[in-house]
Structures are given as C-alpha cells and as structure tokens.
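> got a sequence here, can you build the structure:
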Amino acid sequence: MIKILSRAAILALLVAGNGFAFSQTKPYSVADAHSHNDYKNNIPFFRAYEKGFGSIEADVYAVDGQLMVAHATREIVASRSFKKLYIEPLTQKLAADQQRRLRLLIEIKNDYRAVLPLVMSELKPLEQYFDYAGRPGRLSIVMTGAVPPPAVMPNYPAWMSFDVNSINGYTDSQLTKIGLVSMPFTKYVRWNGKGVLPVADFLKIKAGIDSVHKAGKSIRFYETPDTKSSWLALMRLGVDVIGTDKIEELGDFLNHKKAYEYVANASYPIYQPTYKTDGAVKTVKNIILCIGDGMGLAQIYATYTANRGQLNIFQMLNIGFSVTNAADTYITDSAAGATAFSSGQKTNNRAIGVLPNGKPLKSLAVYSAEAGKKTADIAVCDLADATPAAFYAHQSERSKFTDIANDIVKSPVDIFLGSGYANFTQPTANGPSPVDQMTQRGYTVIRKFDDFLNSKAPKILALMDDSVTRPKVSGRGNYLPLAFNKVVNTFKNHSQGFFMMAEGSQVDYGGHNNNLAQVVTENGDFDRMVGDAMRFADQDGETLVIVTADHETGGLTLLDGNISNGYVSGDFSTNDHTGTPVPVFAYGPHSLDFRGVYSNTAIFDKLLKLIKK
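Modelled structure (predicted):
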C-alpha cells in the first residue's frame with residue numbers, strides 16, 4: 001500500500017516551506033467533518049447535523065429484530081434504537097432541507113448476516129435520498145466494522161457500500177462496493193497531536209493516502225489525536241474525512257477556516273535602514289508616532305510571514321513592551337489606550353483626553369505646537385474615532401461623536417486626515433458647524449484624497465468619504481503611505497520640526513472581525529508607512545520613529561504558516577480586545593529610551609521629555 005517516493009520528490013517537499021511544507025490538496029469545510037462515535041455524545045445526531053457535519057457514525061447491534069445503538073452489549077437499552085436516534089430525525093431533516101448531503105457510517109458490531117437485513121429494512125423510508133453510482137442523491141450509506149467478505153459485498157443493494165482498512169486483493173467488481181477506506185493512524189505513527197508531524201512520518205502516511213486516492217477511493221483515519229494541530233495535519237495530508245469527538249470545536253474551526261488563513265499573492269519590498277543615528281543621544285527635532293490599532297506580536301508576525309520573511313518593523317533594533325490596562329479595567333479600549341500615550345494618564349475605558357473625573361488633559365500634539373512644531377493627526381477611520389480624537393478632544397464618552405467633533409475647533413493641529421465628514425457638519429449650540437468654524441480659522445477643508453495629496457495649504461482638515469478609508473481587502477489602495485509622505489513633505493523644512501500621529505486604524509477592525517486577511521493586509525499597509533518613516537529618519541538624522549499599539553485585538557494565535565510562499569493560518573480566541581502587552585519599536589535618536597517593559601503612559605513621558613528639550 002505504501003509507495004516509495006523518489007529522492008527528488010522528498011527533497012522538493014522538504015524545501016517547500018517552514019512549518020507548512022505540504023500544501024493542502026483541497027479546500028476543506030465542515031462538510032468534510034465526521035462525528036466519530038456520534039451516538040456517545042449527549043445529543044446524538046442533532047449536534048453534528050446542525051453543525052453541518054457531512055458524516056455521522058453510529059454503532060449498531062441486531063437485537064430482537066431491530067437495530068440498537070451501542071458501543072458494547074452492556075450499553076444496549078430499549079430507548080436507544082437506531083430508528084429513534086437516527087432514522088426518524090434524518091427522515092425529517094432531509095425532507096425539510098433539500099440541499100443537505102450526508103454520509104451515514106453504520107458500524108456493524110456483531111454478525112453482518114443479522115445486521116444488514118435490518119439495515120435494508122429500517123432504511124426504507126430514506127431510499128428516495130440514497131446516493132450511489134448511477135443514481136445521484138443526498139444520503140450515502142456506508143457500512144463499517146464487521147463487514148462481509150469482499151466476495152459477498154456485491155450481493156448487497158447498490159446503495160450500500162462498505163468501509164474497509166485496505167483495498168489490496170479486491171476485484172474490480174468488489175472495488176465498486178468500497179465507499180470508504182478507514183485505517184488507524186497508529187498504523188503509521190504514534191503522535192500526540194502537538195507540533196508538526198516529522199517529515200519521515202508525513203511521507204510515510206502520505207504515500208498510503210496517495211495509493212488510496214489513486215484507486216479512486218476516499219480515506220479517513222481513526223485513533224488520531226483530536227487537536228487543531230492534528231486536524232491541520234490531516235488536511236495537509238489530503239485526508240478526505242476529518243473525524244472528531246469535539247463536534248462544536250471542529251465545526252467552528254472548519255467554518256472559520258477561510259477567514260482564519262491568508263496567502264499573500266506577492267511580497268512588497270522593505271527599506272534597509274542605515275542605523276546612522278539609531279540610538280544616538282542627540283536632539284530629536286521630529287517625532288513620528290505610528291499606532292497600529294489592535295496590533296499585537298501575532299499580528300506582526302503574521303504579516304512578516306505573509307510578506308515572505310520581510311518586515312520594516314522588524315528592522316528596528318530597540319524594542320520594549322507597553323502595558324495597556326485602563327484606569328478602571330484590565331483590558332483597555334482604544335479611547336483609554338490612546339489617551340494614555342497621547343496625554344500621559346490612565347483613564348477609564350471610553351474616555352478620550354480626560355481623567356476619570358472628566359478633567360481635560362493636554363496631548364502631545366498640543367505640547368508640540370507650544371514648542372513651535374508643526375503637527376498632524378492622520379488615521380484610516382473616522383477622525384472622531386478614539387485614537388485620532390485622543391490628540392485633540394476631551395470627552396468622557398467616545399460615542400459622542402458630535403461633541404468630539406466640536407472639540408477640533410480648539411486644537412492647534414495643522415493637518416487632520418480621516419473620514420466621518422457627517423460628524424463635523426452638525427451645527428453647534430453657537431450656530432456654525434465644526435467644518436464652518438475650521439474654515440473661519442483658516443483651515444482648508446478637503447473632501448477628496450487626491451486634492452489632499454496635492455494641496456499646498458498650511459492648515460488642512462481633510463475629511464474623506466468612508467469609501468476612501470474602506471479596508472484594504474475591499475480595495476483601499478496605498479492611502480496611509482501616501483498620506484504619510486504628503487505630511488512629511490509638507491513639514492520637513494520647518495525649522496522647529498514636527499510631531500505626527502499616524503494610525504493604522506483597521507488592523508483592529510480585522511481583529512474584531514476575526515478576519516486574518518484583513519489583519520495582515522492592514523498591517524502590511526501600516527508597515528509600508530513605517531518603512532517610509534524609517535527612510536525619512538535616515539535622510540533627516542533628527543527624527544525619532546515610534547511604532548506601537550493601543551492594545552491587541554482578537555487574541556490571535558498562529559497555528560501554521562509558510563514563510564517561503566506567504567501562507568499563514570491562525571485562530572482567534574475573541575472578537576474583542578485582550579490584555580496582552582503590546583510591543584514598542586523605536587528607531588532614530590533616543591530610541592534606546594524605549595527599551596524595557598513599562599506602562600503605556602511612559603510613552604507620553606518619554607516623548608514629552610524630548611519635545612521639551
């Protein structure tokens with residue numbers, strides 16, 4: 001059964017990638033899931049069926065002229081007949097759902113001569129749904145366990161097929177009765193389901209699977225570890241049926257699989273820094289604060305993997321960790337998180353630019369303006385949202401978008417960029433809307449991104465349509481890097497320097513959506529901007545670049561990946577924020593100041609010290 005692969009083929013597999021050396025042979029869905037020993041769970045049939053499983057298993061005995069469901073004779077009880085537990089609910093469900101397909105794997109626990117006639121009799125109500133050669137249907141019946149000898153199998157109805165542990169020795173007519181090949185995983189390897197299968201074991205199992213597929217048959221394994229790592233291993237191997245006793249867990253894993261994996265079509269080039277002023281103790285004229293909203297280490301490494309082992313952020317040598325808890329909660333939201341590094345104080349969740357008692361706080365943007373610096377606040381989201389708002393607004397409730405927008409008229413920031421135009425056009429108690437008041441203050445209000453990029457105005461309020469800040473996966477384009485370079489080119493010759501906050505806002509959105517493609521593409525867009533910031537820092541010599549996050553979003557865990565082909569697979573533990581500390585990367589003069597583990601408020605303290613020098 002096992003075929004020997006050529007040396008060249010083995011080597012090709014070995015070099016195919018780091019941790020994902022063996023590509024999946026087909027897309028998998030919950031229809032490929034099998035409820036192993038289904039009858040042993042607390043709600044037979046319904047749990048697996050409602051989860052969308054494509055295969056369900058029941059063990060049966062022939063007892064007094066009827067089929068009874070049990071794993072052993074001592075478990076046989078009158079209330080657990082095959083008819084009651086499986087045939088009746090299946091008849092009802094298939095009649096109601098005209099699209100559903102299912103494999104019913106019936107294990108013969110005693111004499112097939114007694115069991116099979118009862119199977120033929122009791123399954124009559126389902127005959128209209130049977131699927132077999134020459135008659136497409138929605139219900140496949142496969143007998144397993146103590147099946148009849150190969151020579152006897154053709155004597156049974158065309159709709160009845162058999163599950164065997166080997167296809168060796170079967171004639172062509174007998175092979176037509178084989179509906180599935182099932183083998184113990186331990187026949188090939190003993191593995192606890194942790195980590196990755198060793199290459200030698202993988203090749204041994206894969207050869208056996210390929211021989212079954214060459215005969216045109218489907219294969220499953222039993223006695224497999226029941227873990228996410230083992231499910232992934234079975235899929236890499238090309239196993240047709242993924243068995244489990246963890247119905248909900250495997251169902252969710254397969255239902256989410258498409259959103260939980262990503263393959264980058266191509267990589268983008270990264271900037272190779274010079275490090276000429278990195279860590280130097282000298283004047284910092286310009287500060288570029290890059291905030292990857294929701295960006296944790298897993299999000300960063302997923303992007304590194306998708307970009308085939310390259311990342312601008314990872315070119316930075318000076319790294320620390322920021323502890324992100326809010327004043328009132330262990331897990332911060334963006335409002336409290338952004339307030340901590342914009343204004344230097346822990347505050348309550350949902351509060352923007354104020355202490356827990358509502359007292360306004362002065363932001364880094366204001367301190368920078370007072371020091372004579374040009375300032376910018378740019379984001380890939382509503383400008384009244386938490387992170388960009390934390391640099392100009394003072395509100396105890398982040399959802400009061402109109403009140404937040406009204407605060408912009410008191411801000412000294414020179415360039416604003418984001419979306420959410422409607423929030424800034426509402427009339428105030430005094431009459432004019434924030435947009436009108438900003439115009440009166442000498443700001444140029446811009447509605448189109450190209451106009452923003454081409455504007456020479458010294459003070460800008462750029463409020464894009466939401467379509468301009470839509471997700472990268474929906475076609476946004478290079479909004480953030482282009483916006484960054486526009487601001488830098490506007491400010492670079494100012495004698496007192498500048499302060500810029502640039503947010504990769506939608507890494508967070510991808511985490512909330514549990515969408516790995518969105519996480520990676522947003523983080524990649526953010527990383528391109530970081531590369532541009534490092535390039536400018538090298539050219540200028542007096543620029544400090546800080547890259548961090550307000551919190552981690554999604555509880556992302558990386559389960560698999562292949563750096564050589566840009567594939568990454570993960571899992572999310574939540575659709576909310578987590579309390580995990582987030583990294584702080586620094587590049588340029590005084591970047592050494594940001595090593596260590598510290599409160600998110602310390603980022604403010606360190607930057608303010610440099611602004612006031």
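> from now on I want contacts and neighbour counts done on CA atoms only, so please keep to that.
Noted.
> which stretches of the stretch 201-350 of the chain form strands?
In the stretch 201-350 of the chain, the strands defined using DSSP state E, counting those that start in this stretch lie at 219-222, 242-244, 261-263, 286-292, 318-323.
> elements contacting the third one?
Contact analysis of strand 261-263 by 3 or more Cα pairs under 8 Å, 6 or more residues apart in numbering; DSSP states H and E lists helix 516-540, strand 567-572 as its packing neighbours.
> can I get these in TSV including mean neighbour count and mean pLDDT?
Putting these into TSV (neighbours: other Cα atoms under 10 Å; pLDDT from 0 to 100) gives the following:
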stretch	mean neighbour count	mean pLDDT
helix 516-540	24	98
strand 567-572	23	96
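> redo these as JSON lines? Include distance to Ala151.
Converted to JSON lines, those look like this (distance: least, Cα to Cα, whole Å):
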{"stretch": "helix 516-540", "distance to Ala151": "51"}
{"stretch": "strand 567-572", "distance to Ala151": "46"}
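> out of these, nearest to Tyr170?
strand 567-572 (40.1 Å; Cα to Cα).
> partner strands of that closest one and their direction?
Here strand 567-572 has these sheet partners by DSSP bridges: strand 261-263 (antiparallel), strand 556-562 (antiparallel).
> what about the protein, any weak spots by pLDDT?
In the predicted model of the chain, residues 1-25 satisfy pLDDT under 70.
> residue farthest from the centroid of it?
Most distant from the centre of the chain: Asp64, at 52.9 Å, with distances by Cα atoms, centre = their mean.
> measure it to Asp172 for me?
As judged by Cα to Cα, to the nearest Å, Asp64 and Asp172 stand 36 Å apart.
> do the same with Ala371
Using Cα to Cα, Ala371 is found at 87 Å from Asp172.
> neighbour count for the two, which is higher?
Higher neighbour count among Ala371 and Asp172: Ala371, with 15 against 8, using other Cα atoms under 10 Å.
> I figured that one hits Lys613, correct?
No. Using Cα atoms under 8 Å, Ala371 makes no contact with Lys613, being 9.4 Å away.
> okay, and Pro583 sits in which element?
Using DSSP states H and E, the secondary-structure element containing Pro583 is strand 582-587.
> repeat that for Gly358.
With DSSP H and E as the test, Gly358 turns up in no helix or strand.
> I'd say it and Ile352 touch.
No. The pair Gly358 / Ile352 is not scored as a contact, 9.2 Å apart, by Cα under 8 Å.
> who's more crowded, those two?
Ile352 (36 against 16).
> just list whatever residues bridge to the more buried one.
In this entry, Ile352 is beta-bridged to Gln395, by DSSP bridges.
> tell me how far it lies from Glu50.
Relative to Glu50, Ile352 is positioned 44 Å away (Cα to Cα).
> now swap in Ala151 and tell me
Ala151 sits 38 Å away from Glu50, going by Cα to Cα.
> any idea how far Lys124 is from the residue farthest from the centre of the chain?
In this view, Asp64 and Lys124 are 19 Å apart by Cα to Cα.
> how about Gln310?
Distance from Gln310 to Lys124, by Cα to Cα: 61 Å.
> tell me which of the two has more neighbours.
More crowded of Gln310 and Lys124, by other Cα under 10 Å: Gln310, with 19 against 11.
> ok, now which ones touch the nearest residue to that one once chain neighbours are set aside?
Nearest in space to Gln310, with sequence neighbours left out and distances taken as Cα to Cα, 6 or more residues apart in numbering, is Tyr304 at 5.5 Å. If you count contacts by Cα atoms under 8 Å, 6 or more residues apart in numbering, Tyr304 has them with 310-311, 563.
> how about those in JSON lines, adding distance to Pro581?
Output for the contacts of Tyr304, formatted as JSON lines (distance: Cα to Cα, whole Å):
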{"residue": "Gln310", "distance to Pro581": "23"}
{"residue": "Leu311", "distance to Pro581": "20"}
{"residue": "Ile563", "distance to Pro581": "25"}
